[in-house]
Structures are given as C-alpha cells and as structure tokens.
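> Whatever this is, show me its structure:
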Amino acid sequence: MSDPWRVLLIDDNPDDRVFVRRALARELDALEVQEAGDAEALARALEAEPFDLVITDYALGFTDGFIVLDTLKSKWPECPVILCTGTLSEEIAVKALRKGLDDYVLKDPQRIMRLPAAVRGAIDHARQRAAARAAERRYEALFQGAPVGLVRSRPDGRMLAANAAAARIWGYPDIVALLSVNARELYADPEDRPRLVAMIEHSEVVQDFEVHARRGDGTLIWVSLGARAEKDAGGQVLHYEWSVADITERKRLESELRQAQKLEGGRRDRARLQQPAHRHYGAELPRTRAAPGRPCAPPAHRSDPDHGRTRRGAHAPAARL
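Below is the predicted model of the structure:
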C-alpha cells in the first residue's frame, strides 16, 4: 500500500477548512491533512518537509493569496498548489496560473465536488513533471559525460547545445565559446557541410563521415561525424544532432602504414626484376663433371701459344722419318 498523500490546507476560516476536508474525504481516504489557519501555523508548516499538495484560500486574513503562492513555489518548486476560494475573478485566476498555480476550485456546494479530481490531477501532473525533469537530468549527465563530442545545431548552422568533449575536440575553451560559433565555421572545406546535409536528407542517418575540420585556433584535424535530423510532424527539420570523434591520430597511422606498404612493394618489385638475370648467368657456366670411372681431362689452354707449339714440335720428327 502506498503512503498517504500529505496535504497542507491553508485557510483562516475553520468552517471552510472543515468544508474542504469533507469534500476531499468523499473520494480520497489516503490523505494526511495538516491545517494552517494563521501566520504562525503557516510558518511552522513551511519548516517541515515538502508536502505532496497545498490547498490554499485566496482571501486570507493574515496574508495575500499571491504572496502565499510565491512563497510556496519558492520553497517547494515541485509542489502542486490548488486555489480553493469563495470568489475568483478571471483576471486573478489567469495571473495565478501564470505564477505556477496548478488548478482552482470555487467554494460552493456544486463546484467543490470537483476538488478530489483536481487533487488527483494536480498530484499526477506534478509527478509526471518530476519524472520528466529527472529524465532530463539523466540525459544531461549522459550528454555531458559522453566520451565523444555531441552537438545539436539548427539548419542555418546556429549551435543549440554541445558537451564538453565537443568543445575539447574543436579546440574551444568551454561550451559557451563553442556555442557562439556557427557550425559552418567548423569545416575546413565549406562544401563538406552541404554534402553532409544532403546525405542526411537522403538517408536520415549518416555515420562515419570523415572530413577535415578547423579547430578554434585554426589548426586542421580529421574528424568522423555521425548525424541525424530531428523533424516536426510536417517533416520540417527542427535541428540536427551529431556526434564527432577526433581521428587525426588514426589517419596519421594509416598514412604511415600506406607509406610502409608502398616502400615494401617497391623493394619486392626490384627483387623480382633481379631474379631472372641471376638464373641466366648460372646457365652459361655449367659445372664440368667426369663420366663414371674416367678421370677428368685437363682443360685445354687454348689461350697459351707455347702449348700449341709444343704439340706441333713433338710430331715433327716423326714426319721427317
């Protein structure tokens, strides 16, 4: 079973306080009502923990209804407030709603019957608002704590939001400085942003769009962008949401790898060109081998002139015989 709703009832008329409590009890039994009929009781109530709801009269004898409303909203911004009064002009009602009043109910036998529904509605709306604000805080914490840059910008380039990582990547001292820059100024090539926008319009979501970017100090870096368009019901672009990652170091390593591969390819090409020449040279100089069982003949010294003459002289005497 959920805890009862804590309600602060502010009214200087005891009979009206009883009247309001009876109207609430007709439909709402899980209520814990604390009454404040004078300034001292109201001051003590304001020192307590926040209430789930405040019901207050407008024409109070010890203060003004607007002063009470301003005090309550200043003390407990999340607490819903319902104005329950005997008479209320339209002008006062509009002014009270602008100040943060959640609802108002008139004190007559017929209209007071709407008070329980007004209480449920005011508490439900307050809890919805609190949940939405909590979700916004979680999103903001995630947005600001993301390791990649996150940016939201209008179609004309005006920056709406950014996180600390985006400011660091683009080289700006803080988020405020980055938001003062038009998104068009972040591209080294002015044609890159129109190309990115055209890709978003064609495919709605773009990933890994690599471009040269210009930092706040004018230096160039490589970034990878992801982007999507947030549109209204009619299909018109409200803003772009995009992420940015610095890939300068990756690009440098890729360049070094390509250069090393190019040098290795050139070395291999030179080696292939030299290999056929070595094979041809070896074919011209075969090794001489003797037949099995026969000694190798001594090489003929064709270049030695004395060798030729000696052989001819040895045969000459036989010719004379």
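> Tell me who's in contact with residue 187.
By Cβ atoms under 8 Å, 6 or more residues apart in numbering, the contact set of residue 187 is 193, 211, 212, 213, 214. C-beta here means a position set from N, CA and C on the backbone, and glycine is covered the same way.
> count of neighbours near the closest residue to residue 228 other than its chain neighbours?
Sequence neighbours aside, residue 205 is the residue nearest to residue 228 in space, at 4.8 Å (criterion: Cβ to Cβ, 6 or more residues apart in numbering). A count of neighbours around residue 205, defined by other Cβ atoms under 10 Å, yields 10.
> Hmm, residue 205 is touching residue 240, no?
No - when contacts are counted by Cβ atoms under 8 Å, residue 205 is not listed as touching residue 240 (11.1 Å).
> between these two, what contacts are shared?
227, 228.
> Assign residue 228 to helix, strand or coil.
strand (DSSP: H, G, I helix; E, B strand; the rest coil).
> residues in contact with residue 16?
Going by Cβ under 8 Å, 6+ apart, residue 16 touches 57, 107.
> what about it, which helix or strand?
helix 14-25 (DSSP states H and E).
> Tell me which strands the next helix or strand after that helix pairs with, and in which orientation.
Of the helices and strands lying after helix 14-25 in sequence (DSSP H and E), the nearest is strand 31-36. Here strand 31-36 has these sheet partners by DSSP bridges: strand 5-10 (parallel).
> could you check the angle helix 14-25 makes with the partner strand?
160 degrees (axes from the mean of the first three to the mean of the last three Cα atoms, to 10 degrees).
> could I have strand 5-10 exported to PDB, CA atoms only?
Listed in PDB are the C-alpha atoms of strand 5-10, where the atom choice follows Å, rounded to 0.1, in the frame of the first residue of the first chain:
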ATOM      1  CA  TRP A   5      -0.600  12.000   0.300                       C
ATOM      2  CA  ARG A   6       0.500  14.800   2.600                       C
ATOM      3  CA  VAL A   7      -1.700  17.800   2.100                       C
ATOM      4  CA  LEU A   8      -1.300  21.300   3.600                       C
ATOM      5  CA  LEU A   9      -4.600  23.100   3.900                       C
ATOM      6  CA  ILE A  10      -4.300  26.900   4.300                       C
END
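> outside of it, which residues touch it?
Contacts for strand 5-10 (Cβ under 8 Å, 6+ apart): 17, 20-21, 24, 28, 30-37, 42, 45, 49, 51-57, 60, 68, 119, 123.
> Now the buried members of those.
17, 20, 24, 28, 31, 33, 35-37, 42, 45, 51-57, 60, 68, 119, 123 (16 or more other Cβ atoms under 10 Å).
> Show me the domain layout of this protein.
Using automatic domain parsing, the domain parsing of the chain gives 5-142, 148-249.
> Which stretch among those approaches residue 257 most closely?
Each of those has some distance to residue 257 by Cβ to Cβ; the shortest is domain 148-249, at 12.7 Å.
> and the closest one, how far apart are its ends?
15 Å (Cα to Cα, to the nearest Å).
> Residue 41: which element?
Using DSSP H and E, residue 41 maps to helix 39-46.
> Show me which residues of that helix are buried.
41, 42, 45, 46.
> ok, for the first one, nearest residue in space, not its chain neighbours?
Same thing as residue 41. residue 35 (7.1 Å).
> now the one you found: how far from residue 243?
Using Cβ to Cβ, to the nearest Å, we find residue 35 at a distance of 55 Å from residue 243.
> Residue 58 too?
From residue 58 to residue 243 the distance is 51 Å (Cβ to Cβ).
> again with residue 90
For residue 90, the distance to residue 243 - Cβ to Cβ - is 50 Å.
> how about the strands in this structure?
5-10, 31-36, 53-56, 81-85, 103-106, 149-153, 159-162, 205-214, 220-231, 237-246 (DSSP state E).
> Please name the bridge partners of the residue nearest to residue 41.
Applying DSSP bridges, one finds that residue 35 bridges with residue 9.
> what residues are up against it?
9, 10, 11, 17, 41.
> repeat that for 10 Å
7-11, 14, 17-18, 20-21, 41-42, 45 (Cβ atoms under 10 Å, 6 or more residues apart in numbering).
> Next, format those residues as a markdown table and append distance to residue 260.
A markdown table is the format used below for the contacts of residue 35 (distance: Cβ to Cβ, whole Å):
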| residue | distance to residue 260 |
| --- | --- |
| 7 | 76 |
| 8 | 76 |
| 9 | 81 |
| 10 | 80 |
| 11 | 85 |
| 14 | 92 |
| 17 | 87 |
| 18 | 90 |
| 20 | 84 |
| 21 | 85 |
| 41 | 83 |
| 42 | 80 |
| 45 | 77 |
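> Serialize those residues to CSV and add fields for pLDDT and distance to residue 181.
Below are the contacts of residue 35 laid out as CSV (pLDDT from 0 to 100; distance: Cβ to Cβ, whole Å):
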residue, pLDDT, distance to residue 181
7, 95, 51
8, 96, 49
9, 96, 54
10, 96, 51
11, 96, 56
14, 95, 63
17, 94, 59
18, 95, 63
20, 95, 56
21, 94, 59
41, 95, 55
42, 95, 51
45, 94, 50
